[in-house]
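> sequence and predicted structure are below.
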Amino acid sequence: MTVSTISGAVASPRRRMPRRIDIMSHAAGILVALLFLAPIAWAVLATFKSRSEAAQPPLPPWPTEGISLDNFRTLENFGAGILHHTLNSLIVAIATTALTILVSVLAGYGFSRYRFPLKGFFFVLVLATMMVPFQSILTPLFLILAELKLQNTLVGLVLIYVTLQLPFSVFMMRNAFDAVPPEIAEAARIDGVTGLRLLIHVLGPLVMPGIVSVGLIAFLNAWNEFLAALVLLTSQDNYTLPVLLTAVRAGHYGSIDWGAVQAGVTIMMIPCLILFLALQRHYIRGLTAGAVK
């Protein structure tokens, strides 16, 4: 037996080991993905069951009596209709996202690039507001909106959501701007780019992952928020989707229409899944911005 034969026999098990590890890691990843996708697929399949079949035990999860759109028709009969309440949620979520991005980018840029008295104190004060439970300030917020004539309006709900999103958003944007080398801004100033032009055209593209992360988190939180919308909105026409689903779940005389609930959950999942899948790369980069220098 030659030396090359012996070395090949020794090397072949070593080459097989990484392949086995790769196969096992891929199999584990597929298993975990299936565990997360199973409830989503279950909810989507349940939406196409008839009302009578949806009230029965949930196995099997797919419709056995044929595909039915009764659950979506049931949602349309609640409140002002599912499309109207979906539009309310979209208006609130998009407006919250836009205002949160605008304020947090300006505040994060100021905390990162400018020096002013008590800068550290004010930044810690902003972060400290995250430790205050939202439920404890819900009554004062309700009274403030009532004094401003914004109670039971989508505008007032947007302002509340923006207020709740800003502490964490300012923290993320400050970290995103800190991760940008200051030499880039200095070079732009030498070329005559200052003020908002510097922020928008030079630093803006560099902190885009942070902006996307802030916007995505703000949208998802505003889209799924329930308690503030339930307390601050008293008119049925202004209800957002989470509040509407509560009415659907309560049903008549305490009965629960599971098919309609699953249909509403499916509608609520669609924008969240689309946005997250489309922006996941920027989202991950934004969350890790400033972690490593």
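Okay, I see it.

> all helices for this protein, in order.
3-46, 51-54, 70-76, 82-113, 119-128, 138-147, 154-178, 182-190, 195-197, 204-206, 208-224, 227-232, 241-250, 258-287 (DSSP state H).

> from Ile217, how far off is the closest residue to Thr129 other than its chain neighbours?
Among residues not flanking Thr129 along the chain, Pro167 sits closest, at 4.9 Å (C-beta to C-beta, 6 or more residues apart in numbering). Where you see a C-beta, it was placed from the backbone N, CA and C, and this is true even at glycine. Using C-beta to C-beta, to the nearest Å, Pro167 is found at 12 Å from Ile217.

> low-confidence stretches in this structure?
The model of the chain has pLDDT under 70 over residues 1-17, 51-52, 54-55, 57-58, 79-80, 249-255, 283-293.

> neighbours of the spatially closest residue to Phe177 that is not a sequence neighbour, just the number please.
Using C-beta to C-beta, 6+ apart and skipping residues adjacent in sequence, the residue nearest Phe177 is Ser112, 3.6 Å away. Burial of Ser112 is recorded as 20 neighbouring residues (other C-beta atoms under 10 Å).

> tabulate the helices of the chain (a markdown table), appending distance to Pro61.
A markdown table is the format used below for these (distance: least, C-beta to C-beta, whole Å):
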| stretch | distance to Pro61 |
| --- | --- |
| helix 3-46 | 5 |
| helix 51-54 | 11 |
| helix 70-76 | 14 |
| helix 82-113 | 22 |
| helix 119-128 | 44 |
| helix 138-147 | 37 |
| helix 154-178 | 34 |
| helix 182-190 | 53 |
| helix 195-197 | 53 |
| helix 204-206 | 45 |
| helix 208-224 | 23 |
| helix 227-232 | 30 |
| helix 241-250 | 19 |
| helix 258-287 | 10 |
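
> in contact with Ala43: list those residues for me.
By C-beta atoms under 8 Å, 6 or more residues apart in numbering, Ala43 lies in contact with 262, 265-266, 269.

> if we use 10 Å, what do you get?
61, 261-266, 268-269 (C-beta atoms under 10 Å, 6 or more residues apart in numbering).

> same deal with Leu198?
By C-beta under 10 Å, 6+ apart, the neighbours of Leu198 are 109, 113, 184-185, 188-189, 191-192, 204.

> that older thread, identify the farthest-apart pair in the contacts of Ala43.
The most widely separated members of the contacts of Ala43 are Pro61 and Met268, with 18.7 Å between them, by C-beta to C-beta.
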